[in-house]
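S.K.: Fold the following for me, if possible:
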Amino acid sequence: MSDMCEDANGAKALTFAPGCPGSAPPSLAIDGAMATIALHRPDTHNRIEPDDVLIIQRYLTRLNHSPEVRVIVFASSGKSFSSGFDLTRLGKSAEAAAKASDNRFESLCDEIENARAVTIAKLHAPVYGGATDLALSCDFRIGVQGMRMFMPAARLGLHYYGHGIRRWVSRLGIGPAKKLFLTSRTIEAEEMLRIGYLDSLVAYDKIDAEVEAWVHDLLSMAPIPLASMKATLNETARYEYDEALAVAAFERSLGTRDIAEALTAFAEHRSPAFKGE
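M.R.: Down below sits the predicted model:
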């Protein structure tokens, strides 16, 4: 289902959801080369319901097959970016709930990490629980001064799912990962930036402009190597580097029209006009 929805500035974008932004399920808005997946449950700190996981996965599948979309922004509104996955809605024992939620939510975070497009988490407010891994699954995280985060797995008696732990160690290092997982301590925005959880930290009223600047920079890159280098970087971080695939991606880039355009633009002292060809 699709609807034309207006944002606060009156701009229109094609939105796929059971209604326009403001409804409970996550929404997808596509505006040219950028897509926004937004959470709409501010009354529960944007807690992610089981059905929400399936909805977001469908959006990601659609975007993976939409080469014109090159950047995906994850966003929300309210007092928190998100508090993570809702264990209580599963209606099972704690052990069964943990297993089921891990399988489902782990798959979602892996799909975000492996999305073809470059992903940005727009963290306008605190982030907790499983949502900290959802944001970490994105390629970049933009945060605001005064925000905070914590990972309460040990406090809840939960051994966190393996792919999440691997992601935290590969992206943040063993020291920060141990501190956050083993103590469940809350850390503030400045420390989030220092350990590499945040890629940029700005005042609350500057976050829209900061995200727009990141999107602008990403969309000015050549689309083909942007996607292939993201994949190779992720594979390398997971110790899954494939020499043949990396060489093939390099050689493919040498034969594109975009690299010829980049060289011509450099000689003519202008910005290249990439077409993803």
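
S.K.: Would you map the helices across this structure?
M.R.: Taking DSSP state H as the test, the helices found in the chain are 50-64, 94-113, 131-137, 162-172, 174-183, 189-194, 207-219, 223-237, 243-254, 257-267.

S.K.: Can you pull out the low-pLDDT segments for the chain?
M.R.: Flagging of the chain using pLDDT under 70 yields the residue ranges 1-23, 87-102.

S.K.: Count residues in the vicinity of the residue nearest to residue 153 when sequence neighbours are not counted, would you?
M.R.: Counting by C-beta to C-beta, 6 or more residues apart in numbering, residue 153 lies nearest to residue 160, which is 4.4 Å off, once chain neighbours are set aside. For the C-beta atoms, the positions are set from N, CA and C on the backbone; glycine is no exception. Residues near residue 160, counting by other C-beta atoms under 10 Å, number 18.

S.K.: how does the protein divide into domains?
M.R.: Domain segmentation of the chain under automatic domain parsing yields 3-219, 223-267.

S.K.: Could you identify which of these is most buried?
M.R.: Stretch with highest mean neighbour count among those: domain 3-219 (a mean of 18; mean count of other C-beta atoms under 10 Å).

S.K.: Show the contacting residues for residue 183.
M.R.: If you count contacts by C-beta atoms under 8 Å, 6 or more residues apart in numbering, residue 183 has them with residue 154.

S.K.: what residue is smack in the middle of the chain?
M.R.: In the chain, the centroid-proximal residue (C-alpha atoms, centre = their mean) is residue 138; its distance is 2.9 Å.

S.K.: Let me see the contact set for that residue.
M.R.: Contacts of residue 138 were listed using C-beta under 8 Å, 6+ apart, and they are 74, 112, 113, 119, 120, 121.

S.K.: farthest pair in the residues you listed?
M.R.: Maximum pairwise distance among the contacts of residue 138 (C-beta to C-beta): 13.2 Å, between 113 and 120.

S.K.: Skipping its backbone neighbours, what lies nearest residue 116 in space?
M.R.: residue 64 (4.9 Å).

S.K.: With residue 128 instead?
M.R.: Residue 128 sits nearest to residue 83 (C-beta to C-beta, 6+ apart), 4.6 Å away.

S.K.: what are the phi and psi values for that neighbour?
M.R.: Main-chain torsions, residue 83, degrees, to the nearest 10: phi -100, psi 0.

S.K.: Distance check, it against residue 212.
M.R.: To residue 212, residue 83 is 27 Å away according to C-beta to C-beta, to the nearest Å.

S.K.: What separation is there between residue 229 and residue 182?
M.R.: Separation of residue 229 from residue 182 (C-beta to C-beta): 33 Å.

S.K.: how about the helices of the chain, which one is nearest residue 277?
M.R.: Of all the helices of the chain, it is helix 257-267 that lies closest to residue 277, at 4.4 Å by C-beta to C-beta.

S.K.: Let me see the contact set for residue 85.
M.R.: Neighbour list for residue 85: 47, 48, 53, 101, 104, 105, 129, 130 [criterion: C-beta under 8 Å, 6+ apart].

S.K.: Let me know the closest of those to residue 187.
M.R.: For the contacts of residue 85, the nearest to residue 187 is residue 129 (14.0 Å; C-beta to C-beta).

S.K.: Find the residue closest to that closest one in space, skipping its chain neighbours.
M.R.: Nearest to residue 129 is residue 84, by C-beta to C-beta, 6+ apart, at 3.1 Å.

S.K.: gap between that neighbour and residue 137?
M.R.: 12 Å.

S.K.: With residue 247 instead?
M.R.: For residue 247, the distance to residue 137 - C-beta to C-beta - is 27 Å.

S.K.: quick one, phi/psi of residue 40?
M.R.: The phi/psi pair for residue 40 (degrees, to the nearest 10) is phi -130, psi 50.

S.K.: Touching, it and residue 24? I think so.
M.R.: Yes. With contact defined as C-beta atoms under 8 Å, residue 40 and residue 24 form a contacting pair (5.8 Å).
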